[in-house]
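Visitor: this is a predicted model, with the sequence first.
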Amino acid sequence: MKHLIEEDRGLGTAYERYCFYQRLDALAREYDVESMLEGPVDGMAGVAGVHGVGLAARGVEVTSAVPTEAHAEVARGIYAGSPHARVVVCGEDEVASLPRADMVLCYHALSFVPDWRAYLASVAALARKVLVVAVCNPDNWGVAIVRGAARLRGVHVEAPESWQREVLGPELWRHGRVRDHIYFDCPWWPDLQVSPGQTLGDRVKKLFGRGGFKFTDTHEDATVAERFVYGVGRWPYFGGPGWQDELLPALLKHPAFEGASRRVQARAAHLHAFVVDMRPRTPQARRRLATLEG
């Protein structure tokens, strides 16, 4: 994935980013994380390689691996010269050259690599304490819209196997102990499998055409989507320019299902993540692994 995205665009992307920052911070505290590694493949619809900004701000040593020097320049600008952040250029076939870390993040990367099992094994080998693997949620109600639209065009759409709990979960047990499975990014608007650089409105236009159909990331006036543009010098997820006057009011205005029951989250969440304990296996975990392999 070498397509360069220089900004997060649209409330949908901003909401996803904000939600995951909260989740990642909670996990880092739970596992007493002192170092974190992300990348080099990042399927985020916005800027790549900047999931560790909040952790670096509170002293966690973050290594961000990105695919090109252009990506690195953008990421360094958003990390804003933090003494706890280091951005390096690394190809997806060079993961073994990266340093080990307490926490390793694999964010929506598995559907963008030729062999997702091999890529997963390479990043898992670098995690000392915890591996976090986030993928799209194929059970999201919005995915049904995509499948329905495809069927109208005579096309069968199936979610990649790396998104599916029953496939990804057992594969992760081969590398460590799966401690948790969480849903996040649960706004009221549907997930339409937005690609890096796309907004939700772009995706709808591509699926349904432009013929009089007006749609933006917030289902409001088209100019609203242009307000939520965040990059170097304006990264409001932790306060600063754009937080009080724009992002916070939008977060308060739009209802969400982050605190709903797990059953509701399973249908509303755009993404889900596995949390894998990579510390030495307990006897119970070894028996669990033997059962899965047997």
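Guide: Everything's here; your move.
Visitor: what about stretch 154-174, start to end distance?
Guide: 38 Å (CA to CA, to the nearest Å).
Visitor: can you list contacts of it?
Guide: 110-111, 116-117, 120, 124, 131, 133, 135-138, 143, 146-147, 150-151, 178, 181, 272, 274, 276, 288-289, 292-293 (CB atoms under 8 Å, 6 or more residues apart in numbering). The way it works is simple: take the backbone N, C-alpha and C, and place the C-beta from them, glycine included.
Visitor: for ChimeraX, what selects the buried ones among those?
Guide: A single ChimeraX command is used to select the members of the contacts of stretch 154-174 judged buried by 16 or more other CB atoms under 10 Å:
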select :110,111,116,120,124,131,133,135,136,137,138,143,146,147,178,272,274,276,289
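Visitor: in strands only, show me the contacts of stretch 154-174.
Guide: Counting by DSSP state E, the contacts of stretch 154-174 place 131, 133, 135-136, 178, 181, 272, 274, 276 in strands.
Visitor: hmm, which of these is lowest in pLDDT?
Guide: Across these, the bottom pLDDT score, 93, is held by residue 136.
Visitor: so that residue sits against residue 271, correct?
Guide: Yes - here residue 136 reaches residue 271: they are 5.9 Å apart, a contact under CB atoms under 8 Å.
Visitor: need the overlap of contacts for the two.
Guide: Counting by CB under 8 Å, 6+ apart, the residues touching both residue 136 and residue 271 are residue 108.
Visitor: distance from the chain centre to stretch 58-74, please.
Guide: Computed by CA atoms, centre = their mean, to the nearest Å, the chain-centroid distance of stretch 58-74 equals 16 Å.
Visitor: how about low-confidence regions in this protein?
Guide: By pLDDT under 70, the low-scoring segments of the chain are 1, 156, 190-225, 285-286, 289-290, 292-294.
Visitor: what residues of the helix or strand where residue 17 lies count as buried?
Guide: Counting by DSSP states H and E, the element that carries residue 17 is helix 11-30. Residues 11-21, 23-25, 27-28 are the ones in helix 11-30 that count as buried (16+ other CB under 10 Å).
Visitor: run the angle between that helix and strand 271-277 for me.
Guide: 10 degrees (axes from the mean of the first three to the mean of the last three CA atoms, to 10 degrees).
Visitor: paired strands for the next helix or strand after helix 11-30, with orientation please.
Guide: The helix or strand immediately downstream of helix 11-30 is strand 35-38, counting by DSSP H and E. Strand pairing for strand 35-38, determined by DSSP bridges: strand 61-66 (parallel), strand 101-107 (parallel).
Visitor: alpha carbons only: can I get strand 35-38 in CSV?
Guide: Below are the C-alpha coordinates for strand 35-38, written out as CSV (Å, rounded to 0.1, in the frame of the first residue of the first chain):
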residue,chain,number,x,y,z
SER,A,35,7.1,0.7,23.5
MET,A,36,4.8,0.3,20.5
LEU,A,37,5.3,-0.6,16.8
GLU,A,38,2.8,0.1,14.0
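Visitor: which residues touch the following helix or strand past that strand?
Guide: Counting by DSSP H and E, the next helix or strand C-terminal to strand 35-38 is helix 53-57. Identification of contacts with helix 53-57 by CB under 8 Å, 6+ apart yields 21, 24-25, 28, 33, 36, 62, 78-79, 82, 84-85, 235, 237-238.
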